[in-house]
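> coords below, sequence missing:
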């Protein structure tokens, strides 16, 4: 069973440790953090000092996923879109590379969806995934996200997905 807790400064070191190569960095959305390699300080500064790049003051919620043994197994963020608290965007999804492919990411996001719908009152949750990230795309489809559009971006096109309640 996966539990979520809010991000803490000490988590940045763990997250940075999972981003071992430029491919993972790019698929995670690292271009919003600058150039590869990434450091814990860059992640923590973006989160704590820059509100995740969000303009609205109460609009950025980074989460840490813990397993039954209290190990950090994953991370993602939530933010509201365009000031509408019924529309939430998930992003910066990453799972410990030593346990990828074992369902932790799916369970982490399932827990996040439940929180967003049941606690925050979201009506729509969106997520973007690069076209070349088939594993993540399949994970999101398994959770019920549907493809809505493709946005041309660098370095890869983004498949925009959403799930509604």
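Nice, thanks for sending it over. Note that the structure is a prediction, hence the values are computed from the model and not measured.
> Now do residue 31: how many residues are near it, please.
By other C-beta atoms under 10 Å, 13 other residues sit near residue 31. To be clear about C-beta, it is placed using only N, CA and C from the backbone, and glycine gets the same treatment.
> and residue 163, that's in a strand?
Yes - assessed with DSSP: H, G, I helix; E, B strand; the rest coil, residue 163 lies in a strand.
> Use 21 as the first number for this chain going forward.
Right, with 21 as the first residue, what we last looked at is residue 183.
> Assign a three-state SS to the residue of the chain positioned farthest from its centre, would you?
Ranked by distance from the centre of the chain (C-alpha atoms, centre = their mean), the top residue is residue 89, with 21.9 Å. At residue 89 the chain is in coil, as set by three-state DSSP.
> distance of it from residue 101?
Applying C-beta to C-beta, to the nearest Å, the value for residue 89 to residue 101 is 35 Å.
> swap in residue 24?
As judged by C-beta to C-beta, residue 24 and residue 101 stand 20 Å apart.
> Cool, thanks, signing off.
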